[in-house]
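Visitor: I would like the atomic coordinates for the input below:
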Amino acid sequence: MSISTTIKSIQDIMRKDVGVDGDAQRIGQLVWMFFLKIYDDKETEYELLDDDYQSPIPEHLRWRNWASNPEGATGDELLDFVNIRLFPTLKLLQPRGNDKRSFVIRSVFEDAYNYMKSGHLMRQVINKIVEGLDFNKAQDRHLFGDVYEQLLRDLQSAGNAGEYYTPRPVTRFMVDRIAPQLGERIMDPACGTGGFLTCAIEHVRKQHVKTVEQEQILQQSIFGVEKKPLPHLLCTTNMILHGIDVPTNVRHDNTLSRPLRDYGPRDRVDVIVTNPPFGGMEEDGIENNFPASFRTRETADLFLVLIMHLLKDGGRAAVVLPDGTLFGEGIKTRIKEQLLETCNLHTVVRLPNGVFSPYTGIKTNLLFFTKGTPTQEVWFYEHPYPAGYKNYSKTKPMRIEEFEAEKAWWTDRVENEFAWKVSARDIKARNYNLDIKNPHSPEQVSHDPDELLADYAQLQARIARTRNELKAVLAAALEGKA
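Guide: A predicted model of the protein is given here:
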């Protein structure tokens, strides 16, 4: 049975349980079970490598000792075990000595809940997980990324705005272009389920890690923060699946809730790759953590200010941002001015509509910049649809091969039908409006305020002429009748 089939059959069982209300709770229920199963599979690996390994989880609470036997506890006995013994203990788990794994497990269960009311249905779910998933198999670990995507689609249909999956081709392209190196501190300040972080891990491991010591350096170089409990739980699980044995640097917190001035040199990082939430508003008071000239409650704008601040001099960032950031005015203008004055915004890749469908229809852009030197010129690259595509869809998703053209162009840049450059002087003259029309595609829609106002004035003039002509025709007709 495939993983996706296993997930579907589990969700079908959960729908029968009166305690689980909607997709969001079903996913929350499923994820803490997955975590314990994955952690138990990893512990099998730890035990093979270390004869003295001791689990941070009390022996009677380890997955293998209460869940893995299909004939094990069920009904009220299982329900009481989970509600009265398992959850209270793991929520308050105390470390043994300096073992940081206890902190990871406790952070996972701090905001986890058991919603199921039927111990019999819970046993059926557990048995499906035991029978259908083995995370010591490389294939199952690889396929778990597809499970994440399926779970996030379900979250979106459950109405959880802002929870969406960055397509893997976009993630891989951004990490490939930013090229994190071994020993660099790599961060995603809004890490969601960990897609950018796991991609960075795979990139560094493949390119640079050859020894145990180098792997240890990598393990200590990954940093993430996620505000919402369910994506954080998914991210922690994802880190463990990708070989980050103790992901204590992936925190459940809101990066924006800390005053900007409190981030000092020790918090600076070399690389940031992220798709911060956009289209949303932060809670009242968050904006006061930022300088007065940048105060706004719009999440994407605050994250851009934070990212500029967190980068070391010479640090590199790749960020997904909506069109609104490019052409927005007011505070957005001041933020873009700061970006061009303190960083080299060398590349903007403009993505077509539908990349993030069905999660959002907002048009997005990939911004690449390096901190420490002002921008002299910005290269724009308009990513085209593949031949025969008019949009992306579930059956026609974006593919990593589509970015080969950008990769080939990247190091030897020349203008072509998709690429053009604009000087920082011209951008400043445009009041830092970065929504710049492709000069090689004159029919492309522009958000330039001056162009829009001119178009609007022409439209109004045409309407006035048509109205006057109709009035004249009507007047002539009335005179004829008289």
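Visitor: What residues does Thr325 make contact with?
Guide: By C-beta atoms under 8 Å, 6 or more residues apart in numbering, the residues touching Thr325 are 278, 300-301, 304, 332, 336, 365, 434. Backbone N, C-alpha and C define where each C-beta goes, glycine included.
Visitor: nearest to Glu43, of these?
Guide: Distance to Glu43 across those (C-beta to C-beta) is lowest for Phe278, with 38.9 Å.
Visitor: In terms of helices and strands, where is Gln25?
Guide: Assigned by DSSP states H and E, Gln25 falls within helix 22-49.
Visitor: which other helices and strands contact that helix?
Guide: Secondary-structure packing of helix 22-49 (3 or more C-beta pairs under 8 Å, 6 or more residues apart in numbering; DSSP states H and E): helix 3-14, helix 63-66, helix 101-110, helix 119-132, helix 138-157, helix 229-241.
Visitor: Kindly provide the distance from the nearest residue to Asp284 once chain neighbours are set aside to Asp51.
Guide: Leaving aside its chain neighbours, Asp284 sits nearest to Arg297 (7.6 Å; criterion: C-beta to C-beta, 6 or more residues apart in numbering). Applying C-beta to C-beta, to the nearest Å, the value for Arg297 to Asp51 is 54 Å.
Visitor: Those two: which is more packed in?
Guide: Legend: neighbour count by other C-beta atoms under 10 Å for Arg297 and Asp51, higher for Arg297 (14 against 6).
Visitor: which residues does the more buried one contact?
Guide: Contact partners of Arg297, counting by C-beta under 8 Å, 6+ apart, are 281-284, 286-287.
Visitor: closest one to Phe418 among the helices and strands packed on helix 22-49?
Guide: With C-beta to C-beta as the criterion, Phe418 lies closest to helix 138-157 of these, at 28.2 Å.
Visitor: Tell me which other helices or strands the following helix or strand past the closest one touches.
Guide: Going down the chain from helix 138-157, the next helix or strand is helix 168-178, by DSSP H and E. When contacts are defined as 3+ C-beta pairs under 8 Å, 6+ apart, helix 168-178 packs onto helix 195-208, strand 269-274, strand 311-322, strand 364-371, helix 404-410.
Visitor: quick one, the longest one and helix 229-241 angle?
Guide: This means helix 195-208. 10 degrees (axes from the mean of the first three to the mean of the last three C-alpha atoms, to 10 degrees).
Visitor: pLDDT averaged over helix 195-208 - what is it?
Guide: What helix 195-208 shows for mean pLDDT is 95.
Visitor: got the contact list for that helix?
Guide: 148, 165-166, 168, 171-172, 174-176, 179-182, 186, 188, 191, 214-215, 218, 221-222, 224, 235, 238-239, 242-244, 250, 271, 273-275.
Visitor: at 7 Å what do you get?
Guide: 165-166, 171-172, 175-176, 180-182, 186, 188, 191, 214, 218, 222, 224, 238, 242, 244, 273-274 (C-beta atoms under 7 Å, 6 or more residues apart in numbering).
Visitor: Just the buried ones out of those, please.
Guide: Those of the contacts of helix 195-208 that meet the buried threshold are 165-166, 171-172, 175-176, 180, 186, 188, 191, 218, 222, 224, 238, 242, 244, 273-274, by 16 or more other C-beta atoms under 10 Å.
Visitor: Contacts only, for Arg96.
Guide: For Arg96, the contact set (C-beta under 7 Å, 6+ apart) comprises 54, 56, 102.
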